[in-house]
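> All I have is the shape, not the residue letters:
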Ligand SMILES: [Zn+2]
């Protein structure tokens, strides 16, 4: 079996179903992703770990057709914002690269997808959002 490693530690749980690792503010109650020591909304240091699951609703999307600096995966790929049920808007990769096959409000599943193979032959994976089958 090919080993899978997350593109970044502490960002998500590669499980079925996957989870995004973020935090929640104990002062204002708002969730955030990725995890931060201070609340991005009220700056409170009283934050705690929280985890978020899909599906969510597609809030905005585009297609990336040229590889960003340092990016080793395939292009084009979809990129967008998905609003999770907890009210959190998450920026991330979309498994659908063709904008004509996406629409705002579409239900999107949280998934983990391979990005590229590293020097040690391991599959580097990241979280992404996939249009839910209709
Ligand atoms: Zn806060």
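On my side now, so go ahead. Note that the structure is predicted; figures quoted are calculated from it, not measured.

> any idea how this protein splits into domains?
4-9+54-131, 19-52 (automatic domain parsing).

> Enumerate every residue touching the nearest residue to residue 42 once chain neighbours are set aside.
In this structure, residue 42 finds its nearest non-sequential neighbour in residue 28, 4.5 Å apart by CB to CB, 6 or more residues apart in numbering. In short, each C-beta sits where N, CA and C put it, glycine included. Neighbouring residues of residue 28 by CB atoms under 8 Å, 6 or more residues apart in numbering: 39, 41-42, 44.

> Write the PyMOL selection for whichever of the residues you listed are buried.
Buried members of the contacts of residue 28, defined by 16 or more other CB atoms under 10 Å, are picked up in PyMOL with:
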select buried, resi 39
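
> returning to what we had before: please identify which of the domains of the chain is closest to the ion.
Set against the ion and scored by CB to the ion, these come closest in domain 19-52, at 3.1 Å.

> Any part of the closest one near the ion?
Yes: using CB under 5 Å from the ion, domain 19-52 reaches the ion at 25, 27-28, 39, 41-42, 44.

> remind me, longest strand of the protein?
strand 107-117 (DSSP state E).

> And the following helix or strand past that strand, how far out from the chain middle?
Downstream of strand 107-117, the next assigned helix or strand under DSSP states H and E is strand 123-131. Centre-to-centre, strand 123-131 and its host chain are 7 Å apart (CA atoms, centre = their mean, to the nearest Å).

> got it, and stretch 88-102?
10 Å.

> end to end, how far does it reach?
20 Å (CA to CA, to the nearest Å).

> can you check stretch 35-46 too?
One end of stretch 35-46 to the other measures 12 Å (CA to CA).

> Quick one: residues in contact with that stretch.
So stretch 35-46 is contacted by 10, 21-23, 25-28, 30, 32, 47, 49 (CB under 8 Å, 6+ apart).

> mind putting those in JSON lines, distance to residue 66 included?
Output for those, formatted as JSON lines (distance: CB to CB, whole Å):
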{"residue": "10", "distance to residue 66": "29"}
{"residue": "21", "distance to residue 66": "30"}
{"residue": "22", "distance to residue 66": "29"}
{"residue": "23", "distance to residue 66": "33"}
{"residue": "25", "distance to residue 66": "37"}
{"residue": "26", "distance to residue 66": "42"}
{"residue": "27", "distance to residue 66": "41"}
{"residue": "28", "distance to residue 66": "38"}
{"residue": "30", "distance to residue 66": "34"}
{"residue": "32", "distance to residue 66": "30"}
{"residue": "47", "distance to residue 66": "36"}
{"residue": "49", "distance to residue 66": "36"}
